[in-house]
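Sharing a sequence plus its predicted fold:
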Amino acid sequence: MFSRRTFLQSTIAAAGTISVLPCLANASGQDLQFADGAVRLTPVSHASLVIETPMGVIYADPVGDPAQYADLPPADLVLITHHHGDHLNNETLAAVMREGTTLISNKGAYDKMTAELADRAEVIGNADTTRFGPIGIEAVAAYNTTEGRLKFHPKGRDNGYVLTIGGMRLYLSADTEDVPEMRALKGIDVALLCMNLPFTMDIKAAASAVNEFKPSVVVPYHYRGKDGGSQDPIAFAGLLDSAIRVEQGDWYGKGKGIV
């Protein structure tokens, strides 16, 4: 069991090996490690990642070539935030599911799954809670609020997630704007935050929300957009309170992690 204090001490200790603000930390394909290395986050691509914990291995929104996951530890728990193709792919999901893997999803993604996958899924909605062994799971509303974007992620459909892993709280935003439910979060140690247009939000909105709920560490992800809508995580970092640490994973291939 590790506490928020332990988490904060471990991130400070890690500063000797990882550059942090005012220089943006860049994992360059390496895993991001927290809580004295007890929690390891491996970026796969865009919104897909693997979280290794002492309580099990968690896959979030696994999509893309299943070969990307071949050298990673097998999934004990898979979380699906919503049904869009950069978050749900039935072929990839089936490939990473093994006997005994738990699958948790929102209703929209459940409705798009194959019958075999749907039979294995537990569906939870906004503000619902569940558990995977000792890991607490809370579904957080993820939606658009800006006129012209409402069609992408309507309110009440999609999930972000807060995971309580020992004494550490990790927030996975999924696709959302800076909604009140995000701003109201408390005690978040690590926040993975989306930022791309036209589908989610720009860096100003993302930074405004982060400066309000004040995670200890924020990891920009899901920041490639459409028609010039990609967001720059370096510029995002410069908009944050200096007490908030920023780490950058290799989401888009070696040398392409930063816009």
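Ah, there it is. Numbering: from 1, shown residues only.

Point out where the protein drops to low pLDDT.
Within the chain, the stretches with pLDDT under 70 are 1-30, 254-259.

all helices for it, in order.
Assigned by DSSP state H, the chain shows helices spanning 4-14, 90-96, 107-112, 115-118, 180-183, 203-213, 233-237.

For the second one, what is the distance to the chain centroid?
By that I understand helix 90-96. Taking C-alpha atoms, centre = their mean, to the nearest Å, one finds helix 90-96 lying 19 Å from the centre of the chain it belongs to.

Show me what counts as buried in it.
The neighbour-count check on helix 90-96 (16 or more other C-beta atoms under 10 Å) flags 92-93, 96 as buried. C-betas here are computed from N, CA, C, even on glycine.

Distance of the nearest residue to residue 191 once chain neighbours are set aside relative to residue 182?
Spatial nearest neighbour of residue 191, excluding adjacent residues (C-beta to C-beta, 6 or more residues apart in numbering): residue 215 at 3.9 Å. Using C-beta to C-beta, to the nearest Å, one gets 10 Å for the distance from residue 215 to residue 182.

Now for these two: what residues contact both?
Counting by C-beta atoms under 8 Å, 6 or more residues apart in numbering, the common neighbours of residue 215 and residue 182 are residue 171.

So what sits opposite the nearest residue to residue 131 once chain neighbours are set aside in the bridge?
Spatial nearest neighbour of residue 131, chain neighbours left out: residue 137 (6.4 Å); criterion: C-beta to C-beta, 6+ apart. When assigned by DSSP bridges, residue 137 has beta-bridge partners residue 130, residue 163.

Just list the residues touching residue 137, thanks.
Per C-beta under 8 Å, 6+ apart, neighbours of residue 137: 79, 104, 124, 129-131, 161-164.
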